[in-house]
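Q: need coordinates for the following:
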Amino acid sequence: MLLNLFFENMNSTLELVLIGAFIFSLYWFIMRKYNSLGLRMFIMCGLLFVATCVWLYQDEKQLTKTLSTGEVYTATIVSKATVGNNDHEVSVAFVANDGKKIRSSTTEYVSQEEWDRFETGKAIPVIYVPSTNKIFVQESTMRFKAEKIYLYYFSGFWLVLGPVLYFWLRKLKVKVDETTGDEWVEREDGSVILDERKSRTSRALKRANILSKLAQAVSR
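A: Residues are numbered from 1 along each chain as shown. Below is the predicted model of the structure:
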């Protein structure tokens, strides 16, 4: 209940502020004080676990609402196209129960294999959510629901990997040159490994990153 209220009142600006504050707090109160490589990897895996959990929660909420409030119709495929970041879009048309003519497009949950089978002019079952005017291909939605367990496995992978990396790498220490920002890793005996100061590639990438950020700042 509380999570529902939190995410329903969340906007993109507040989300970025909270994420920034959380990451800064981790750095200021933990990573500045403790320089264990294992701890850093544990925190990174923890952040990935939390991020995937939040994404899964939001998607599960949408999926549950779609299946509980959606109305199933037999629509006609008007067109299909590849849009955006190689998303598979399907445009359909149908008449709702109230006589309203609906024509809309969706890319949600549509896989490459399913998209390849769709043919313009053919009938296809869709789920229509009146409250949002969104449509979903029924076949794609039910297939995603059945396969979603693998996304939970992916989320759990980071939860397990974090403690493993912590115990494996906890004795390695990350050192940093305050002047150049170069980092290196030291073993317990003081020997150095993964020395960024001796890597020309790493230093070149760091300079390129700084220049790109300066260019972005100037363009604004």
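Q: is it true that His88 touches Trp115?
A: Yes: using Cβ atoms under 8 Å, His88 makes contact with Trp115 at a distance of 3.8 Å. C-beta coordinates here come from the backbone N, C-alpha and C atoms, glycine included.
Q: so between those two, which is more surrounded?
A: His88 (22 against 18; other Cβ atoms under 10 Å).
Q: so what does the more buried one look like in phi/psi?
A: Backbone torsions for His88, taken as degrees, to the nearest 10, come to phi -100, psi 100.
Q: tell me the buried residues in stretch 58-71?
A: For stretch 58-71, the neighbour count (16 or more other Cβ atoms under 10 Å) marks 63, 66, 70 as buried.
Q: quick one: average pLDDT of whichever strand or helix holds the second one?
A: So the one you mean is Thr66. Element membership for Thr66 (DSSP states H and E) is helix 37-69. Mean pLDDT, helix 37-69: 88.
Q: likewise for stretch 106-119?
A: Across stretch 106-119, pLDDT averages out at 92.
Q: can you list the buried residues in it?
A: 106-110, 114-115, 118.
Q: and the helix holding Thr66, what does it pack against?
A: Judged by 3 or more Cβ pairs under 8 Å, 6 or more residues apart in numbering; DSSP states H and E, helix 37-69 is in contact with helix 2-8, strand 123-129, helix 138-147, helix 149-169, strand 173-176.
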